[in-house]
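Visitor: no sequence on this one, just coordinates:
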Ligand code: FES
């Protein structure tokens, strides 16, 4: 696993996302507050570029007429068919056991944003 400096951490503002080419991989980096996430920029369904999607919470329901919006870490919605993925785990929200986007270890080191891929 290689260490790749992507940019200065302030180049991505809270709530923004940005794509980087890391070797042969297109990596999507998302900043949520002070936390950064890095995932493969391709939907496992039919390959849409996830950076063209939108960030948001996911609705969870345990009973009829009851639901909550889960913010934890944030979620990204695919631009083509609206599958959503947990940015922390890469798991899809509708089928977490079987559908997953690759995630990468991403860290702030000094002022640099570094991904290990
Ligand atoms: S390509 Fe992403 S949900 Fe279909």
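Guide: Looks like it came in fine. Keep in mind the model is a prediction, meaning the values are calculated, not measured. Numbers count the residues shown, from 1 in each chain.
Visitor: What residues does the protein have near the ligand?
Guide: Residues of the chain lying close to the ligand by Cβ under 6 Å from any ligand atom are 43, 45, 46, 48, 78, 80, 81, 83. For every residue, glycine as well, the C-beta is placed using N, CA and C.
Visitor: Any idea which helix or strand in this protein has the lowest mean pLDDT?
Guide: Using mean pLDDT, DSSP states H and E, the weakest-scoring helix or strand in the chain turns out to be strand 66-77, at a mean of 79.
Visitor: which SS class is residue 10?
Guide: Using DSSP: H, G, I helix; E, B strand; the rest coil, the structure places residue 10 in helix.
Visitor: no no, residue 51
Guide: Classified using three-state DSSP, residue 51 is helix.
Visitor: quick one: it and residue 29, what's the gap?
Guide: Per Cβ to Cβ, to the nearest Å, residue 51 is found 9 Å from residue 29.
Visitor: ok, these two, which is more surrounded?
Guide: Neighbour count, other Cβ atoms under 10 Å: between residue 51 and residue 29, residue 29 has more, with 24 against 18.
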